[in-house]
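Peer 1: predicted coordinates and the sequence they were generated for:
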Amino acid sequence: MPENKVSNSRTGFSLLEFMIVIVIIGILVVSGFLKFSEFYKDYRLNFSAKIISDTIFFASNYSNFFKKKTAVKFYYRGKVLMVETYSYKTDTDTKLIQRTMVGDNIVINPLDSGASTNLPIVYFNKNYLVSGKADVQYPSFYVSSQTYGKMGPLISITTDRKPDPTLKENKNKYKTVIIYELTGKTKVIKAGYETNTYFKN
């Protein structure tokens with residue numbers, strides 16, 4: 001009579017193997033989420049800085065084309081940073097020509113005290129003389145001439161609650177708009193701050 005042989009071959013996964021796979025998948029998911037979170041935060045900052053840069057550029061062109069004094073002003077609507085562009089006939093006769101949302105939870109550093117009087121104001125043709133020059137009040141900082149070739153005002157923004165801008169590891173938490181006062185042109189950079197000098201890209 002043929003002898004029945006019992007097979008010892010194993011099929012499927014053990015509980016331990018299954019748990020190891022789950023842990024590996026979990027690590028990959030968390031790592032991917034953290035990378036996406038950093039990417040999204042950087043995208044938001046860059047997008048908001050571009051809005052500020054484009055608004056200043058628009059105010060400069062409007063001022064030069066229509067031969068008028070213009071101003072770019074910031075304020076908070078709740079936690080949302082807003083920017084408005086005004087045209088002046090006189091100091092008491094102004095017209096709102098553009099209003100844009102910069103972003104939610106965007107902080108202008110270091111002058112975010114919640115009072116719009118302390119937020120940057122960018123004027124063009126401030127004295128009603130058509131020169132194309134920008135005049136910036138309450139900038140975040142002034143960049144040193146050794147860093148970018150010419151001293152100029154900066155507007156720095158972040159999504160975090162005031163990370164120390166003097167620490168190099170916080171460089172990626174900021175975007176900065178450089179304003180060239182003589183021409184009214186702007187440039188967006190990734191920057192941190194140290195002893196009156198911004199780190200370059």
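Peer 2: Cool, the structure landed. All values reported here derive from a predicted model rather than from experimental measurement.
Peer 1: got a list of what residue 158 touches?
Peer 2: Applying CB atoms under 8 Å, 6 or more residues apart in numbering, one finds that residue 158 lies in contact with 45, 106-107, 109, 173-175. (Each C-beta comes from the backbone N, C-alpha and C, glycine too.)
Peer 1: relative to residue 36, how far out is it?
Peer 2: Taking CB to CB, to the nearest Å as the criterion, residue 158 is separated from residue 36 by 19 Å.
Peer 1: same thing with residue 87?
Peer 2: The gap separating residue 87 from residue 36 is 41 Å, by CB to CB.
Peer 1: find the least confident helix or strand in this protein, judged by mean pLDDT.
Peer 2: The element with the least model confidence among the helices and strands of the chain, by mean pLDDT, DSSP states H and E, is helix 145-148, at a mean of 49.
Peer 1: after it, which helix or strand is next?
Peer 2: On the C-terminal side of helix 145-148, the nearest following helix or strand under DSSP states H and E is strand 152-158.
Peer 1: which residues touch the residue most central in space within the chain?
Peer 2: The residue lying closest to the centre of the chain (CA atoms, centre = their mean) is residue 45, at 3.2 Å. The contact partners of residue 45, by CB under 8 Å, 6+ apart, come to 106, 157-159, 173-175.
Peer 1: what strand or helix carries it?
Peer 2: Once you assign secondary structure using DSSP H and E, residue 45 falls within helix 15-66.
Peer 1: now that helix against strand 152-158, angle please.
Peer 2: Per axes from the mean of the first three to the mean of the last three CA atoms, to 10 degrees, the angle that helix 15-66 makes with strand 152-158 is 150 degrees.
Peer 1: give me the distance from helix 15-66 to the chain's centre.
Peer 2: On the basis of CA atoms, centre = their mean, to the nearest Å, helix 15-66 sits 11 Å off its chain's mean C-alpha point.
Peer 1: paired strands for the next helix or strand after that helix, with orientation please.
Peer 2: The C-terminal neighbour of helix 15-66 among helices and strands, as given by DSSP H and E, is strand 69-77. Strand 69-77 has its sheet partners listed here by DSSP bridges as strand 80-88 (antiparallel), strand 121-124 (antiparallel).
Peer 1: tell me what the residue nearest to residue 102 when sequence neighbours are not counted is bridged to.
Peer 2: In space, not counting the residues next to it along the chain, residue 102 is nearest to residue 81; the distance is 4.1 Å by CB to CB, 6 or more residues apart in numbering. Legend: beta-bridge partners of residue 81 under DSSP bridges are residue 76, residue 103.
Peer 1: how many neighbours does residue 81 have?
Peer 2: Each residue near residue 81 was counted by other CB atoms under 10 Å, and the total is 24.
Peer 1: that one contacts residue 109, doesn't it?
Peer 2: No. Counting by CB atoms under 8 Å, no contact exists between residue 81 and residue 109, whose distance comes to 11.8 Å.
Peer 1: which residues do those two both contact?
Peer 2: Here residue 81 and residue 109 have residue 157 as joint contacts, going by CB under 8 Å, 6+ apart.
Peer 1: thanks a lot, catch you later.
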